[in-house]
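S.K.: whatever this is, show me its structure:
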Amino acid sequence: MNSLTSLSSQRSYDHAIREFIEWYCSEPRLAFNKPVVTRYRISLEQAYYASSTINLRLAAIRRLAYEASDSGLLSPDLAAGIRRVKGAKKLGVRIGNWLTTEQGKRLLDVFDLCSLRGKRDYAMTAVLLGCGLRRAELAGLTVEDLQQREEHWVIADLNGKGATSEQSLFLLG
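M.R.: Presented below is the predicted three-dimensional model:
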């Protein structure tokens, strides 16, 4: 898991691998191969886990197989088979909690711009809305992270999900 750059991903994968090992040890003697990982996926589906949870756990197991193969602990053929285990199908369309532009503007209108706290909260919310940052990414920002490039403000060298190296800072309002 040290090869994962995000602490959040490391925690998620650690939890997923521990859950898999717990399941694996509760079953009769099994080999670590594609049919066993497929059985695990089926057990997760039968426990009514969400497809996103199942797919996250399978991603962690695929990563485990890749690392084990890379370290010589698992044959490349077995690792390749495990990586080919299909994920859970996502049914329907994920709705989420997306805000419309109007809802975003109404959200920003609630802040009292006459107080220091209101200005701070407005600025943080505007950055979250405009840049799509995660809370931890926003909390870790410093003034030095803001730079002006080609007449645009950017949050430079931000390593977000997917190793994004730079995010544009859009000014709202």
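
S.K.: quick one, strands of the chain?
M.R.: With strands called from DSSP state E, the chain shows them at 146-149, 152-156, 166-168.

S.K.: roughly how far does the residue of the chain most remote from its centre sit from residue 128?
M.R.: Most distant from the centre of the chain: residue 114, at 36.4 Å, with distances by Cα atoms, centre = their mean. To residue 128, residue 114 is 22 Å away according to Cβ to Cβ, to the nearest Å. Quick note: C-beta positions are derived from backbone N, CA and C, even for glycine.

S.K.: about what we covered before: turn the strands of the chain into a markdown table, columns for distance to residue 26 and mean pLDDT.
M.R.: Shown next, in a markdown table, are the strands of the chain (distance: least, Cβ to Cβ, whole Å; pLDDT from 0 to 100):
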| stretch | distance to residue 26 | mean pLDDT |
| --- | --- | --- |
| strand 146-149 | 51 | 82 |
| strand 152-156 | 46 | 79 |
| strand 166-168 | 44 | 46 |
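
S.K.: what would these look like in a markdown table with mean neighbour count?
M.R.: What follows is the strands of the chain, written out as a markdown table (neighbours: other Cβ atoms under 10 Å):
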| stretch | mean neighbour count |
| --- | --- |
| strand 146-149 | 12 |
| strand 152-156 | 15 |
| strand 166-168 | 14 |
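
S.K.: which one, of these, ends up nearest to residue 17?
M.R.: strand 166-168 (30.5 Å; Cβ to Cβ).

S.K.: quick one on the thing from earlier: so for residue 63, which of the strands of the chain sits nearest?
M.R.: strand 166-168 (26.0 Å).

S.K.: residue 142 and residue 20, how far apart?
M.R.: Distance of residue 142 to residue 20, computed by Cβ to Cβ: 38 Å.

S.K.: no, scratch that, I was asking about residue 77
M.R.: In terms of Cβ to Cβ, residue 77 sits 20 Å off from residue 20.

S.K.: with neighbour numbers in mind, choose between the two.
M.R.: residue 20 (20 against 11; other Cβ atoms under 10 Å).

S.K.: what's the nearest residue to the more buried one if we skip its chain neighbours?
M.R.: Nearest non-adjacent residue to residue 20, counting by Cβ to Cβ, 6 or more residues apart in numbering: residue 61, 5.6 Å away.

S.K.: just the helices in this structure please.
M.R.: Counting by DSSP state H, the chain has helices at residues 7-26, 34-46, 51-70, 76-83, 101-109, 116-131, 135-139.

S.K.: no further queries at this time; thank you.
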